[in-house]
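1. 3D, please:
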Amino acid sequence: MARNSNNAKNQAHELIDRLAPTQVSAVVGLLEAMLDPVSRAIANAPLDDEPETDSERDAVSESKTWFQQREGQGIPHKEVVAESD
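-> Predicted structure coming up:
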C-alpha cells in the first residue's frame, strides 16, 4: 500500500509541475480545503433527509413576506437587542 501511495504522490508532483501558476494556486486551495478538518467534516456530513414540516414551511413563507415588505430597510440595532432580552 505504501508503494502505491508513493507512486500516487510522485504522479501528483509530476502533474503539478506541468501546471500553470494560476492552476497551481487552484490546486493548493483545493488541497487546503481537503485537509481542513471542518471542511472535511462538512463534506462528509449526511444530507438532511427529514421532510419539511408544515410549521417550517409556514415560517419560511412568513420570513419571505417580511423581507418583501421591508425591502431595502435594515433592522435597527435596538430592535434586535430588545428581541434577544
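2. okay, CA-based contacts and neighbour counts for the rest of this
-> Fine.
3. Check what pLDDT residue 26 gets.
-> pLDDT, residue 26: 94.
4. What about it, how many residues nearby?
-> Residues lying near residue 26 (other Cα atoms under 10 Å) number 11.
5. Distance check, it against residue 81.
-> For residue 26, the distance to residue 81 equals 42 Å [Cα to Cα, to the nearest Å].
6. Next: residue 15.
-> To residue 81, residue 15 is 54 Å away according to Cα to Cα.
7. And residue 46, by the same measure?
-> Counting by Cα to Cα, the gap from residue 46 to residue 81 is 35 Å.
8. got the contact list for residue 26?
-> For residue 26, the contact set (Cα atoms under 8 Å, 6 or more residues apart in numbering) is empty.
9. What of residue 34?
-> Residue 34 is in contact with residue 40, counting by Cα under 8 Å, 6+ apart.
10. Pull out the buried positions in whichever strand or helix holds it.
-> Residue 34 belongs to helix 21-35 when assigned by DSSP states H and E. Buried residues in helix 21-35, counted by 16 or more other Cα atoms under 10 Å: none are found.
11. do stretch 37-57 as well
-> In stretch 37-57, counting by 16+ other Cα under 10 Å, buried: nothing.
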